[in-house]
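In: I would like to see how this sequence folds:
(chains A and B)
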Amino acid sequence: MNSATLENLDAPKHKDLVNEKIVLWYFLAALTYMFISMLGGILMAMQLVHHNPIRGIEWLSPGRWRMIHTNAIAYGFLANAFLGAIHWAIPRLTFRPVLSVFLSWAIFFAWQAIVLSTAVGIIIGQAQGLEWGETPVWIDPVALVGLLLLMVNFMPPILRAKGPQYVTLWYFMAMFVWTPLTYAMGNFIPQYIAPGTSGGAIAGLFIHDLVGLFVTPLGWGLMYYFVPIILKKPIWSHGLSLVGFWGLAFFYPLQGIHHFLYTPIPMFLQYGAVIATVAIEFVVATVVINFFVTLWGSGRMIVQNVPLRFFYTGMVYYFITCFQCAMQVTLTFQELIHFSDWVVGHAHLVMFGVFSQWLLGMMTYLIPRIVKRDWYSQTLVEWHFWLSAVGVFVMFLDLGLAGVFQGYWWASLQSWDVSVDGSYPFWMIRLVAGLAMFGGQCCFVYNIYRTMSGPQTETAPSGNLATAS
Amino acid sequence: MFESKAGILLVGGLGFFVFAFVSNAVVPILMYQHMPEQTAEQVVNANLMYQVEDLQRRYPEPFKKYVGEKPTTENVAAMLRHGRDIYVGEGCWHCHSQYIRPVSNESKRWGPVARSVEYQNELQRPVMFGTRRVGPDLSRESGRRSNDWHAVHFHHPKTVSPNSPMPAYPWFFDNDNPSEPNRRGLALMTYIQWLGSWLEVSPTYENYQPLPDVEVKAP
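Out: Got it, this is the predicted structure:
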């Protein structure tokens, strides 16, 4: 359908559905935290290569900033950017605005307050001992209320829409149930109810579910939304979409314990987590196949269209991480690579290579439409893509290789210094790769600044109809 | 069911999550019901008291100022709690693990393989397993190194471990002096000296020999 025929439909207008301002504010907040997170990562990377310029200042201790690094990317960048994107996608998919614009803004400011107080809490040394959930314990309940308010704001348009809904909304609906449950489970049970090993099992579930049941459904939901719009054709197979969603829903929550293999957690539970993890890689393969067959015949668009290139690069990386995961989760592999930089490389490819790049692609697509200006510099858009995509992949390969070396040094009972000294060249390359990724984001932010301060253009696509591109 | 809202929300969203929670979280909780959780007071043991008495002898003034006249179960337990908070707040657990695996020669390097009962105490809320080792595992650290080694090491790791990438923690000391640990320094040393002190074999020392044909650089 072209927009001429859509004009005649009785469809709600885009401006009545989407509050573009809040989308933009979420994106800008997200990028701010991306910078804070990356600075924390760089600080820790420089510490490892003995070149940390800041020494002996308590509030700039690399140990604390390492926690800022992960929390700012999870709750600052990913959560904010996803919230911005679903403020665009959900109203347009359901033809209904969110419950309340006032509530949207209230959540926006509340969420920034939560993320900032998390950062302050960690900097002053009040972190909680839960990986990916270092949010100080006194903020946890507030964050949970924030997540529940999100559900209150976004579920009404979905529930009011009649009949079966599009794939994207399956993922979002399930995410609105999973996220508060995951957050409450991980932050409260190991802290207040289950100590020791059983709490460790739950901490494993939390680490994994935060990625698998919060970030992943949002990411794939938005891929199912944006990819067909940009390609101007539907997803190839509805059946495979069903397999992908239900496979994720069933297998993902069962895997968390694979983060703590060879701990005193009961061995049969560890085996179960390994099997569920291997199983989901088959599901992942169906999803990736579905998207690549959808692309079939339009491959040239990858060259021309940077958002689409971000999306499909992310999907390639997603397939790599998941394939890697199916191997590294086996007990044989764990023996060697657990505790090593291999895992750090894996985490960077997932969180930056896949989900952050998808979100950066969405920003590259949406920001010109929101500010009604073409990108100030297409060259900078390209630099942003290449520095991000190549930087993270170099980091992934480098840390993966470092992990194999570290694993063998440890297992062969070399002096501990051997593993630290031997890691030095890998850590140096990691620092360079990280600086490249940082440089990419600098290009992006400068480009946004120049774009927003330039004159509005008539030609920039603004998407006046809910269904238009 | 597969595309209806009720199916997605109740079966996919709630049902599968609860199934996973029961099988992966409630099952281990029930399995460890017979191991009651110990308080910090209950985990204070003779090996640890020996180390704390050593702290008192080495740092009499700071000890008197920040802990008390002499170590008791109560003030040592308070130190353990405080030390654990610092261990968490400083992010120690992101570079040091606290479990020995039954593979990769870990029991040769560090000591006995980790057991569930070791983690059934309030200082393991949440458990400090850790996921990364930049530095070595610490769960068998008790008595392995002396308190003054730890003090100098926290103050400036490179003094005793030249190539260590560990950050310095001068804020654990008064007057930037490794001989004057403050409350935080004393608490963290107490906590570190507690890790593994409950084992019969404590202190555990690395009982491996370097491979004969491999050149190992002296530390």
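In: what's downstream of the helix or strand residue A:67 falls within, the next helix or strand?
Out: When elements are assigned from DSSP states H and E, residue A:67 belongs to helix A:62-71. Going down the chain from helix A:62-71, the next helix or strand is helix A:79-94, by DSSP H and E.
In: Quick one: mean pLDDT over that next one.
Out: Helix A:79-94 shows a mean pLDDT of 96.
In: Can you list the helices and strands that that helix packs against?
Out: Applying 3 or more C-beta pairs under 8 Å, 6 or more residues apart in numbering or on different chains; DSSP states H and E, one finds that helix A:79-94 contacts helix A:14-17, helix A:20-48, helix A:101-123, helix A:140-160, helix A:167-188, helix A:216-231, helix A:357-371. Every residue, glycine included, has its C-beta placed from N, CA and C.
In: Whether the longest helix belonging to chain B contacts chain A - can you check?
Out: In chain B, with assignment by DSSP state H, the single longest helix is helix B:73-89. Yes. Interface with chain A: helix B:73-89 contributes B:86, B:88-89 (C-beta under 8 Å from any C-beta of the partner chain).
In: Give me the residues contacting the helix holding residue A:67.
Out: Defining contact as C-beta atoms under 8 Å, 6 or more residues apart in numbering or on different chains, one finds that helix A:62-71 is touched by A:36-41, A:43-44, A:47, A:52, A:115, A:118-119, A:122-123, A:125, A:127, A:131-132, A:134-135, B:89-92, B:94-95, B:167.
In: Just the buried residues of those.
Out: Buried members of the contacts of helix A:62-71, counted by 16 or more other C-beta atoms under 10 Å in any protein chain shown: A:36-38, A:40-41, A:43-44, A:47, A:52, A:115, A:118-119, A:122-123, A:125, A:127, A:131-132, A:134-135, B:89-92, B:94-95, B:167.
In: ok, now how distant is the nearest residue to residue A:140 once chain neighbours are set aside from residue A:388?
Out: Distances taken as C-beta to C-beta, 6 or more residues apart in numbering or on different chains place residue A:187 nearest to residue A:140, at 4.3 Å, with adjacent residues excluded. Taking C-beta to C-beta, to the nearest Å as the measure, residue A:187 falls 31 Å from residue A:388.
In: now the helices: where do they sit in chain B?
Out: Remark: helices assigned in chain B by DSSP H are B:5-6, B:16-21, B:27-31, B:40-43, B:46-58, B:60-66, B:73-89, B:106-109, B:147-155, B:183-194.
In: what's around residue A:314, how many residues?
Out: 24 (other C-beta atoms under 10 Å in any protein chain shown).
In: returning to what we had before: now pLDDT and distance to residue A:31 too, for the residues of helix B:73-89 next to chain A, in JSON lines please.
Out: Putting the residues of helix B:73-89 next to chain A into JSON lines (pLDDT from 0 to 100; distance: C-beta to C-beta, whole Å) gives the following:
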{"residue": "B:86", "pLDDT": "97", "distance to residue A:31": "33"}
{"residue": "B:88", "pLDDT": "97", "distance to residue A:31": "30"}
{"residue": "B:89", "pLDDT": "97", "distance to residue A:31": "28"}
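In: before we move on, what SS does the nearest residue to residue A:219 once chain neighbours are set aside have?
Out: Using C-beta to C-beta, 6+ apart and skipping the chain neighbours, the partner closest in space to residue A:219 is residue A:355 (5.0 Å). The three-state assignment at residue A:355 reads helix, by DSSP: H, G, I helix; E, B strand; the rest coil.
In: Residue A:355 contacts residue A:220, doesn't it?
Out: No. If you go by C-beta atoms under 8 Å, residue A:355 and residue A:220 don't touch, sitting 9.8 Å apart.
In: Flag every residue of the stretch 201-350 of chain A that's near chain B.
Out: Contact residues, the stretch 201-350 of chain A versus chain B (C-beta under 8 Å from any C-beta): A:201-203, A:205, A:213, A:242, A:245-246, A:249-250, A:253-254, A:256-257, A:259-260, A:262-266, A:269, A:272-273, A:334-336, A:338-340, A:343-344.
In: Show me the shaky parts of chain A.
Out: Scanning chain A for pLDDT under 70 picks out the ranges A:1-9, A:458-469.
In: Remind me what the longest helix belonging to it packs against, helices and strands.
Out: Looking across chain A with DSSP H, the single longest helix is helix A:416-453. Helix A:416-453 is packed against helix A:20-48, helix A:341-348, helix A:357-371, helix A:378-411, with contacts defined by 3+ C-beta pairs under 8 Å, 6+ apart.
In: now those in CSV, with distance to residue A:173?
Out: Shown next, in CSV, are the helices and strands packed on helix A:416-453 (distance: least, C-beta to C-beta, whole Å):
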stretch, distance to residue A:173
helix A:20-48, 21
helix A:341-348, 27
helix A:357-371, 20
helix A:378-411, 31
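In: re earlier: buried subset of the residues of the stretch 201-350 of chain A next to chain B, written for PyMOL?
Out: Selection of buried members from those for PyMOL, criterion 16+ other C-beta under 10 Å:
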select buried, chain A and resi 201+202+203+205+213+245+246+249+250+253+254+256+257+259+260+262+263+264+265+266+269+272+273+334+335+336+338+339+340+343+344
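In: Enumerate every residue touching residue B:42.
Out: Per C-beta under 8 Å, 6+ apart, neighbours of residue B:42: residue B:121.
In: do the same with residue A:377
Out: Contacts here follow C-beta under 8 Å, 6+ apart; on that basis residue A:377 touches A:447, A:450.
In: what's the spacing between it and chain B?
Out: Distance, residue A:377 to chain B, using C-beta to the nearest C-beta, to the nearest Å: 38 Å.
In: how many other residues sit next to residue 109?
Out: Going with chain A. Applying other C-beta under 10 Å, we find 11 residues neighbouring residue A:109.
In: not quite, I wanted chain B
Out: 20.
In: What of residue A:327?
Out: Neighbour count of residue A:327, defined by other C-beta under 10 Å: 12.
In: Likewise for residue A:185?
Out: 20.
In: got the contact list for it?
Out: A:202, A:205-206, A:209, B:21, B:25.
In: Can I get those residues in CSV including distance to residue A:409?
Out: Shown next, in CSV, are the contacts of residue A:185 (distance: C-beta to C-beta, whole Å):
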residue, distance to residue A:409
A:202, 32
A:205, 31
A:206, 31
A:209, 33
B:21, 38
B:25, 35
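In: Nearest to residue A:286 among the helices and strands packed on helix A:416-453 would be which one?
Out: Shortest separation from residue A:286 across the helices and strands packed on helix A:416-453 is recorded for helix A:357-371, at 18.7 Å, computed as C-beta to C-beta.
In: Can I get that closest one in CSV, CA atoms only?
Out: Below are the C-alpha coordinates for helix A:357-371, written out as CSV (Å, rounded to 0.1, in the frame of the first residue of the first chain):
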residue,chain,number,x,y,z
GLN,A,357,23.9,-1.6,17.5
TRP,A,358,20.2,-2.3,16.9
LEU,A,359,19.3,0.7,19.0
LEU,A,360,21.9,2.9,17.4
GLY,A,361,20.4,1.8,14.0
MET,A,362,16.9,2.7,15.2
MET,A,363,18.2,6.1,16.4
THR,A,364,19.9,6.6,13.0
TYR,A,365,16.5,5.9,11.4
LEU,A,366,14.2,7.8,13.7
ILE,A,367,16.2,10.9,14.7
PRO,A,368,16.0,12.6,11.2
ARG,A,369,12.3,11.8,11.2
ILE,A,370,11.7,13.3,14.6
VAL,A,371,13.8,16.5,14.2
